[in-house]
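> coords please:
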Amino acid sequence: MAKAKKKVPARPKASAKPETRSNPKVSSDPKAGAKPEATSNPKAGAKPAAAGRDPAARAPELRELLERYNYRYHALDDPEVPDAEYDRLMLELRGIEAEHPQLVTPNSPTQRVGAAPVAAFGTVRHRIPMLSLDNAFSEEEVREFDRRIRERLEQERPVRYAAEPKLDGLAFSAVYENGEFTQGATRGDGETGEDVTLNLKTIAALPLKLRSADVPPLLEVRGEVFMPLAGFERFNKQALARGEKAYVNPRNAAAGSLRQLDPRMTASRPLDLFIYGTGYVEGGTLPTHHAQTLQLLRQWGFKICPQSKVVESIEGCLEYYHEMGAARSTLPYQIDGVVYKVDDLDVQRHLGFVSRAPRWAIAHKFPAEEALTTVREIEFQVGRTGALTPVARLEPVFVGGVTVSNATLHNMDELTRKDVRVGDTVVIRRAGDVIPEVVRVLPERRPVDGPALVELPAKCPVCGSPVVREGDQAIARCTGGRTCAAQRKEEIKHFASRRALDIQGLGDKLIDQLVERDWVRTPADLFGLEASRLATLDRFGEKSAQKLEVAIEAAKRTSLPRFLYALGIRDVGEATALGLAQYFGTVEALRAATAEEVQRVPDVGPVVARNVAAYFGDAENAEIVDRLLASGITWPALDKNAASGELTGKTFVLTGTLASLTRDAAQEAIALRGGKVSGSVSKKTHYVVAGTEAGSKLRKAEELGVEVLDEAAFLTLLKQ
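This is a model prediction of the structure:
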């Protein structure tokens, strides 16, 4: 395994106070390091004599020296002068610029401290989209990626790849005009990002002026801003000491820091960055290979990840993956995998793109992160449909980028199978945004006199109603229905959620208060709330109450699929609600349908059909639906001609995020044209619409040969 490059302490960002660096690698000799490059000052390593010098001539000389020392420190990891010398030159330049403000330049090293706060970020449209990468989670998927490339190239010989760590930070682009940094932007949705020019300028690792006259007139580079682990820990300790909230992981810290409206706040954060490629380039000539391009960028002053390397085949990729996995815990920054890119840029262009991702690159993710902790308690949570879910309360542990103190045990069968008990030492796993779970128990660490296995409670822990398990089902349920406060709360939360009625401002804590005060027992009660009453809630003033009243009124204008989904019928998700709406057309027709008639809806099985018929057959539910309709909830009638629309008979699957349409709007647009939206990809799928961050559904479509539409192609299809 290749050894990781020796870590050099990060130099603090420039500030209003004199900078102080601590670098044990550099001796007190001002000429430490490699031989200085030729500049206007032949004794660059020694103290420049400021006395009697013309400020107009001295200022650019100092800028050149400071930028060169910055380059040696950050990009080459090979400091040329001791910290005290760097600090002295910075102070001299600050003094000159303070006495002669007309000599200050936008890209002077002294200007990294940040400008005044901005009201809001502007937007930047990327000339070339900043694409996301497809993910691979196994060796087989990586080999399949390599096989597809060689098939497209019609070659048997191995492909050379550039491999690099996949940093867990925030992607950005930086534009240079005639070698001067002029604009920075976040990736955003891939097409348009936020203008963070002033904030990027505060990060010392980003050169403000490039170190060559041969750079293209217009050069866009792309990279990742991150917060080194040591800086993250130090920053959080300082935040807690000030009584402020700490960030949960380095990625959030980096993203939050770069997106501060006050660039001076960004300047105070310990941010760093690596450049991993180029975007739009105008004029000039770049190398023909990715790795060569990175080395040239390094010569121009950019910081490149020292762990990047070229490998000769897919076997080399997998060896690199294992090397980085072993070195992961020793790296000074957080990574969640590695990236493989075809090294030959001409081959990259030949391979092209699929949807919003390149065919010539893939991210090989590391396995879900795991950690050991102990179980403090096992409790049962009651959900919207009365389902009891055992939850392990844990000794807090940092895993998968966050601090975890709770983990799901799914159901009683899982709890019994894993034999989880209070006091046990357990392995916790968390991958991405997935809810943390208990993977296994370490029985050898179980106390000899530890508690017995937790049993399913006979009564609901919230309302005391009997708990039952139907037949051989794994799920046990509270029979209290709406008499159970937990079920009422969850029903209201579901009804008001973004994909249901989308009542903005009606959060979980507010719903808890409404239910606990018995102001709201069913979703229909929401539409009788008045601002004067809402204003008496805890931490809820008159203005907030008025806003919520307006939001509740606005939620009355919805769609039939959203309304059906909002009712919270057991096993009826968004796709099923859409199918029911398309098939029956009106809520009256659906209410009158028998289970057998409901089962005629495509993709609706007997269990779901019985649940739908039972819901509308229940007297209490019927009354709630009547009250909701009487309150003024309306939606546009579904097009009766939709069955003969231009998308009739076509099945769509949506994956990823669309920039111009919400998922609900896309589903409704398809339905209005006679099409159908499914939740899974099969050979019967006609189109997969892939937005940013598309995942396994996109891979499945490619495997099955299903046509994939990017957002532009999808919008074009809707306009036909």
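
> alpha carbons of the longest helix seen in the chain, as CSV, please.
Longest helix in the chain by number of residues (criterion: DSSP state H): helix 55-74. Output in CSV follows, covering the C-alpha atoms of helix 55-74 (Å, rounded to 0.1, in the frame of the first residue of the first chain):
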residue,chain,number,x,y,z
PRO,A,55,5.3,51.5,-2.2
ALA,A,56,3.9,51.2,-5.8
ALA,A,57,6.8,48.9,-6.7
ARG,A,58,7.0,47.1,-3.3
ALA,A,59,3.4,46.1,-3.1
PRO,A,60,3.3,43.9,-6.2
GLU,A,61,6.6,42.4,-5.2
LEU,A,62,5.2,41.4,-1.8
ARG,A,63,2.1,40.0,-3.4
GLU,A,64,4.2,37.8,-5.7
LEU,A,65,6.3,36.6,-2.8
LEU,A,66,3.3,35.8,-0.6
GLU,A,67,1.5,34.0,-3.4
ARG,A,68,4.6,31.9,-4.1
TYR,A,69,5.0,31.0,-0.4
ASN,A,70,1.3,30.2,-0.3
TYR,A,71,1.7,27.9,-3.4
ARG,A,72,4.7,26.1,-1.8
TYR,A,73,2.8,25.7,1.5
HIS,A,74,-0.6,24.5,0.2
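
> what about this protein, any weak spots by pLDDT?
Along the chain, segments meeting pLDDT under 70 span 1-52, 73-84, 112-119, 248, 355-356, 368, 400-401, 431-434, 639-645, 693.

> quick one: the strands in the stretch 101-250 of the chain, in order.
123-125, 135-136, 161-167, 170-177, 180-186, 192-194, 218-226 (DSSP state E, counting those that start in this stretch).

> residue 480: how many residues sit nearby?
21 (other CB atoms under 10 Å). (Each C-beta comes from the backbone N, C-alpha and C, glycine too.)

> can you check residue 375 too?
23.

> circling back: next, the buried residues of the longest helix of the chain.
Within helix 55-74, the residues that count as buried by 16 or more other CB atoms under 10 Å are 58-59, 61-74.

> excluding chain neighbours, what is closest to residue 389?
residue 381 (4.9 Å; CB to CB, 6 or more residues apart in numbering).

> hang on, isn't that neighbour packed against residue 392?
No - judged on CB atoms under 8 Å, residue 381 makes no contact with residue 392 at a distance of 11.3 Å.

> tell me which of those two has more neighbours.
Taking neighbours as other CB under 10 Å, residue 381 and residue 392 compare with residue 392 leading, 28 against 15.

> next secondary structure after the helix or strand harbouring the more buried one?
In this assignment (DSSP states H and E), residue 392 forms part of strand 388-399. The first helix or strand that comes after strand 388-399 along the chain, using DSSP H and E, is strand 402-408.

> what helices or strands is that next one leaning on?
If you count contacts as 3 or more CB pairs under 8 Å, 6 or more residues apart in numbering; DSSP states H and E, strand 402-408 packs onto strand 388-399, strand 425-430, strand 437-441.

> highest mean neighbour count out of these?
Of all the helices and strands packed on strand 402-408, strand 425-430 carries the top mean neighbour count, a mean of 20, counting by mean count of other CB atoms under 10 Å.

> and that one, how far from the chain's centre?
23 Å (CA atoms, centre = their mean, to the nearest Å).

> what lines up beside it in the sheet?
Paired neighbours of strand 425-430 in the sheet (DSSP bridges): strand 369-382 (antiparallel), strand 437-441 (antiparallel).

> between those, which gets nearest to residue 277?
With respect to residue 277, and counting by CB to CB, the nearest of those is strand 369-382 at 27.1 Å.

> give me the buried positions along that closest one.
369, 371, 373, 375, 378, 380, 382.

> save those as a markdown table, and put in distance to residue 447 too.
Converted to a markdown table, the buried residues of strand 369-382 look like this (distance: CB to CB, whole Å):
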| residue | distance to residue 447 |
| --- | --- |
| 369 | 27 |
| 371 | 20 |
| 373 | 15 |
| 375 | 11 |
| 378 | 15 |
| 380 | 23 |
| 382 | 30 |
